[in-house]
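**Q** Let me see the structure of the following:
(one chain, ligands or ions: 1)
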Amino acid sequence: MSNTSEALRLIRDQAGDAPVKLGLILGSGLGHLAHAVDGVAIPYAELPGFPHAAVSGHNPNLHIGTLEGVRVAVFGAREHYYEKGNPAAMRLALEVLKELGADSLILTNAAGSMRPDIPPGDLMLLSDHINYNGLNPLIGEPTDARFVPMTDAHNPELRAALRASAQAEGIDIKDGVYAWYSGPSFETPAEIRMLKLLGADAVGMSTVPEIILGRFLGLRCAAISTVTNMAAGMSDEQISHEHTKAMAPMGAAKLERILRHFLSTLR
Ligand code: HPA
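**A** Numbers count the residues shown, from 1 in each chain. Modelled structure (predicted):
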């Protein structure tokens with residue numbers, strides 16, 4: 001049996017067969033929303049082919065159940081490219097999500113902002129992204145399905161719905177372009193000046209490979225960044241993973257309200 005079918009069997013044994021509407025991947029310091037899911041939590045370690053996410057501040061469990069009356073699959077953690085050098089680390093998990101019946105994928109992450117009008121604690125809805133690494137999770141995929149169009153990779157309807165939910169909750173959320181930088185070291189001030197010139201508004205170490213995989217699988221995708229810091233050289237604050245984890249909850253509360261409102265519109 002393939003890892004995908006074995007993982008699916010194990011998940012259905014615990015979570016039942018009812019289809020899932022949507023998948024949610026939670027970023028650094030944002031993992032606690034997963035615990036609000038009324039259902040089961042399955043450790044990644046029990047699911048063949050799932051990532052061994054080992055970044056502190058992440059919750060490596062797949063939560064399946066209802067949130068705001070919608071059946072969801074919430075990934076409490078992701079494997080980043082910088083952990084093992086594998087841009088396709090989330091492929092099997094996303095294939096499983098698709099097989100569970102999901103049609104949409106919402107991603108969250110922590111990011112550094114290059115826009116003074118999007119300060120730490122604010123949220124940014126990704127209007128688009130720059131795959132600055134040039135890495136691609138579909139390298140090696142043998143079928144023509146690998147030639148995925150990325151024009152509307154960030155789904156316009158999903159984005160509009162998320163924006164409307166933010167508005168309904170009275171939360172300011174700006175649109176912006178996210179640049180994927182491999183990490184795990186943070187960027188230099190010169191790199192940030194370059195990324196700004198290239199048209200990026202925020203920088204982070206995730207999300208882009210998952211959007212590519214999501215589009216490959218035919219999932220509608222959208223992503224929201226929680227800004228934890230101004231990018232390197234843009235303020236006097238020290239950038240660190242500790243700081244990211246400490247700051248993420250500031251945006252997480254707002255993010256949770258937006259996502260809950262958005263889910264309630266899907267009921
Ligand atoms: N750079 C890259 N990734 C990040 C940052 C940053 O400044 N902040 C949080 N994640």
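**Q** all strands of the chain, in order?
**A** 22-25, 38-43, 61-67, 70-75, 104-113, 123-130, 173-180, 202-204, 220-230 (DSSP state E).
**Q** Compute the inter-axis angle for the fifth one and strand 70-75.
**A** I take that to be strand 104-113. Here the directions of strand 104-113 and strand 70-75 differ by 50 degrees (axes from the mean of the first three to the mean of the last three C-alpha atoms, to 10 degrees).
**Q** Return the distance of strand 104-113 from the chain's centre.
**A** Distance, stretch centre to chain centre, for strand 104-113: 4 Å (C-alpha atoms, centre = their mean, to the nearest Å).
**Q** Likewise for the shortest one?
**A** Distance of strand 202-204 from the chain centroid (C-alpha atoms, centre = their mean) equals 13 Å.
**Q** next one: the first one
**A** When distances are taken as C-alpha atoms, centre = their mean, strand 22-25 is centred 8 Å away from the chain's centroid.
**Q** What spatial separation is found between the residue nearest to E169 when sequence neighbours are not counted and A168?
**A** Distances taken as C-beta to C-beta, 6 or more residues apart in numbering place R257 nearest to E169, at 4.7 Å, with adjacent residues excluded. No exception for glycine: its C-beta is placed from N, CA and C like everyone else's. Distance from R257 to A168, counting by C-beta to C-beta, to the nearest Å: 9 Å.
**Q** what do you get for L62?
**A** 29 Å.
**Q** Of these two, which one has the most company?
**A** Counted by other C-beta atoms under 10 Å, L62 and A168 do not tie: L62 has more neighbours, with 29 against 14.
**Q** distance between stretch 158-174 and the chain's centre?
**A** Worked out by C-alpha atoms, centre = their mean, stretch 158-174 lies 17 Å from the chain centre.
**Q** quick one: terminal-to-terminal distance for stretch 185-205?
**A** 10 Å (C-alpha to C-alpha, to the nearest Å).
**Q** Equivalent analysis for stretch 230-242, please.
**A** For stretch 230-242, the first-to-last residue distance is 15 Å (C-alpha to C-alpha).
**Q** Touching it from outside, list them.
**A** 28, 56-57, 112-114, 116, 119-120, 186-193, 195, 202-203, 229, 243 (C-beta atoms under 8 Å, 6 or more residues apart in numbering).
**Q** These also near the ligand: which ones?
**A** Contacts with the ligand within the contacts of stretch 230-242, counted by C-beta under 6 Å from any ligand atom: 112, 186-187, 203, 229.
**Q** Taking these, tell me the two that lie furthest apart.
**A** Spanning the widest gap among these are E187 and N229, at 11.0 Å by C-beta to C-beta.
**Q** which neighbours do the two share?
**A** Here E187 and N229 have G112 as joint contacts, going by C-beta under 8 Å, 6+ apart.
**Q** Columns distance to Y81 and mean pLDDT on top of the strands of the chain, output as CSV?
**A** Formatted as CSV, those follow (distance: least, C-beta to C-beta, whole Å; pLDDT from 0 to 100):
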stretch, distance to Y81, mean pLDDT
strand 22-25, 14, 97
strand 38-43, 22, 96
strand 61-67, 20, 96
strand 70-75, 16, 97
strand 104-113, 13, 96
strand 123-130, 14, 98
strand 173-180, 8, 98
strand 202-204, 11, 98
strand 220-230, 16, 96
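**Q** Distance to N3 added to the ones you listed, as JSON lines?
**A** Formatted as JSON lines, those follow (distance: least, C-beta to C-beta, whole Å):
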{"stretch": "strand 22-25", "distance to N3": "18"}
{"stretch": "strand 38-43", "distance to N3": "14"}
{"stretch": "strand 61-67", "distance to N3": "14"}
{"stretch": "strand 70-75", "distance to N3": "16"}
{"stretch": "strand 104-113", "distance to N3": "20"}
{"stretch": "strand 123-130", "distance to N3": "28"}
{"stretch": "strand 173-180", "distance to N3": "26"}
{"stretch": "strand 202-204", "distance to N3": "28"}
{"stretch": "strand 220-230", "distance to N3": "23"}
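**Q** Which positions in the stretch 1-150 of the chain make contact with the ligand?
**A** So the stretch 1-150 of the chain meets the ligand at 110-112 (C-beta under 6 Å from any ligand atom).
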